[in-house]
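Engineer: Give me a model of this one.
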Amino acid sequence: MNGVLELVKILARLPLSVRRVILRALWRGTLPLRGQVGFDLEPAFERFLKVGTAEARRMALEHDFQDLLLIMEWYASICRSHRQMTEDVARVRVSDPALVERIAGSADVVILAPMHMGSFPFGITYVLWKYFAGRRLLVLRARDDLAGNNVAMDRMREIASEVRIMNTRNEAEFVDGMRFIRKGGVVVSLIDLPQSYGSPAEVSLFGHEAAIAFGLDAMARMLKAVVLPMTVRSLLARDEIVFGQPFEVASNTPEDRRALAAAMARQIEDFVKIDPAQWHMWTRILEFYPWVGRAPSPGGAPALRKVGAHADL
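Structural biologist: Numbers count the residues shown, from 1 in each chain. I've put the predicted structure just below:
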C-alpha cells in the first residue's frame with residue numbers, strides 16, 4: 001500500500017485531467033494483480049440500493065477507484081500551487097450558479113453542508129473560492145485531524161479573510177466559534193455523519209430505520225443562517241457540483257426537528273443516487289443503523305459486516 005500512496009503523491013502534481021486519466025489506467029491495469037478489490041461492499045449495495053449481484057460488483061469496483069481518487073485529490077490540494085489549482089477548476093460545472101450567487105450576495109451567515117462524495121475537499125474549496133472569497137470561514141471537525149489533513153485545510157487561508165478549524169466535541173470552543181462566525185461568515189459542516197458524531201436524529205435512510213448526527217438545526221437557528229446542501233460528482237475531466245434545496249431554521253420544536261431530519265435524510269439519498277459508488281460513507285454504512293450486528297432481514301438479503309477503507313479523510 002505504501003508504494004501505491006507514493007505513486008499517488010507523484011500523480012497529484014500533474015494537471016487534473018492528466019492525473020485522473022493516468023490513475024484510472026493504472027488502477028484498471030492492476031486489478032488482476034490485487035487479491036481484494038471493492039471493500040466487500042456488494043452486500044451493502046444489494047441491500048440498501050436494491051441492485052442485482054452484477055451491478056453491486058460494478059459499484060464496489062468503482063468505489064474502490066473513487067477511494068483512491070479521493071486520496072490523490074487530497075494530496076493535490078496540498079502540493080499544487082494556487083495558479084495550478086485555478087487551472088484545475090477551470091472546467092468545474094455547477095448545477096445552479098444563480099442560486100449560490102444569490103445566497104452569497106446576501107449578508108447572511110451561510111452553512112455550506114457538503115457530503116463525503118466525489119472529490120469533496122476539492123469541491124468545497126472551489127465553492128468557497130468562487131462564491132465566498134474574503135469571508136470568515138469556520139470548518140467544523142468532529143475529531144483531531146491528521147497532520148496532512150491540517151495542511152490541506154490551511155490552504156483555505158488563501159481564500160478566506162480568517163479561518164478557524166473547530167472540534168465540535170469541545171463545547172467551549174464551539175461557543176467561541178459561533179461568536180467568530182456570527183457576522184456574515186461561512187460554516188462548512190458535513191451532513192452525512194452517523195449517530196456517533198452527536199445529536200442523533202432517527203430517520204429512514206435507504207428504506208431502513210437509521211440515525212444520523214444532526215446538530216445542524218440548532219446551529220442554523222442560533223446563527224440565523226441559510227443552510228446550503230451540496231455534493232460533488234468527480235469525472236476524469238472535471239468535477240460537477242450539485243446544490244440541494246437551501247433552507248433556514250425558525251423553530252426547534254421536536255416535531256420540526258423530526259421533519260427537518262427526515263428532509264435531510266432524503267437529501268442525502270438524492271445526492272447518493274447521482275452516482276452511488278462515489279459516496280465515501282459506504283464503508284461505514286452500518287454506523288448509521290441501530291440494528292448493527294443483527295441477523296439479515298427476511299427475504300434473503302445478504303449479511304453485512306464492517307469493512308475498512310484507506311481514504312480516512
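
Engineer: ok, the residue nearest to Phe132 when sequence neighbours are not counted to Val232 distance?
Structural biologist: Counting by CB to CB, 6 or more residues apart in numbering, Phe132 lies nearest to Val186, which is 4.9 Å off, once chain neighbours are set aside. (C-beta placed from N, C-alpha, C; glycine too.) Val186 sits 17 Å away from Val232, going by CB to CB, to the nearest Å.

Engineer: Compare these two (neighbour count), which wins?
Structural biologist: Legend: neighbour count by other CB atoms under 10 Å for Val186 and Val232, higher for Val232 (27 against 23).

Engineer: helix/strand/coil for that one?
Structural biologist: strand (DSSP: H, G, I helix; E, B strand; the rest coil).

Engineer: Please enumerate the strands of the stretch 201-313 of the chain.
Structural biologist: Under the criterion DSSP state E, counting those that start in this stretch, the stretch 201-313 of the chain carries strands at the ranges 208-213, 226-234, 239-243.

Engineer: Actually, the stretch 51-200 of the chain.
Structural biologist: Under DSSP E, counting those that start in this stretch, the stretch 51-200 of the chain gives strands at 93-94, 110-114, 137-141, 163-167, 186-188, 200-205.

Engineer: any idea of the mean pLDDT in the first one?
Structural biologist: Per-region confidence: strand 93-94 scores 97 on mean pLDDT.

Engineer: Per-residue confidence at His116, what does it come out as?
Structural biologist: The model's pLDDT for His116 equals 96.

Engineer: can I assume it is in contact with Leu190?
Structural biologist: Yes - counting by CB atoms under 8 Å, His116 touches Leu190, with 6.3 Å between them.

Engineer: OK, contacts around the residue nearest to Phe132?
Structural biologist: 109-112, 128, 132, 135-138, 160 (CB atoms under 8 Å, 6 or more residues apart in numbering).

Engineer: Quick check: longest helix in the protein by residues?
Structural biologist: For the chain, the helix with the greatest residue count under DSSP state H is helix 53-79.

Engineer: ok, and the closest non-adjacent residue to the residue nearest in space to the middle of the chain?
Structural biologist: Closest to where the C-alpha atoms of the chain average out (CA atoms, centre = their mean) is His116, at 1.8 Å. Once flanking residues are discounted, His116 sits nearest to His280: 4.2 Å by CB to CB, 6+ apart.

Engineer: So for stretch 255-274, what gets flagged as buried?
Structural biologist: 257, 260-261, 264-265, 267-269, 271-272, 274 (16 or more other CB atoms under 10 Å).

Engineer: Output those in JSON lines, with distance to Glu248 and pLDDT appended to each entry.
Structural biologist: Below are the buried residues of stretch 255-274 laid out as JSON lines (distance: CB to CB, whole Å; pLDDT from 0 to 100):
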{"residue": "Arg257", "distance to Glu248": "14", "pLDDT": "95"}
{"residue": "Leu260", "distance to Glu248": "10", "pLDDT": "96"}
{"residue": "Ala261", "distance to Glu248": "16", "pLDDT": "97"}
{"residue": "Met264", "distance to Glu248": "14", "pLDDT": "97"}
{"residue": "Ala265", "distance to Glu248": "19", "pLDDT": "98"}
{"residue": "Gln267", "distance to Glu248": "15", "pLDDT": "98"}
{"residue": "Ile268", "distance to Glu248": "19", "pLDDT": "98"}
{"residue": "Glu269", "distance to Glu248": "22", "pLDDT": "98"}
{"residue": "Phe271", "distance to Glu248": "20", "pLDDT": "98"}
{"residue": "Val272", "distance to Glu248": "24", "pLDDT": "98"}
{"residue": "Ile274", "distance to Glu248": "25", "pLDDT": "98"}
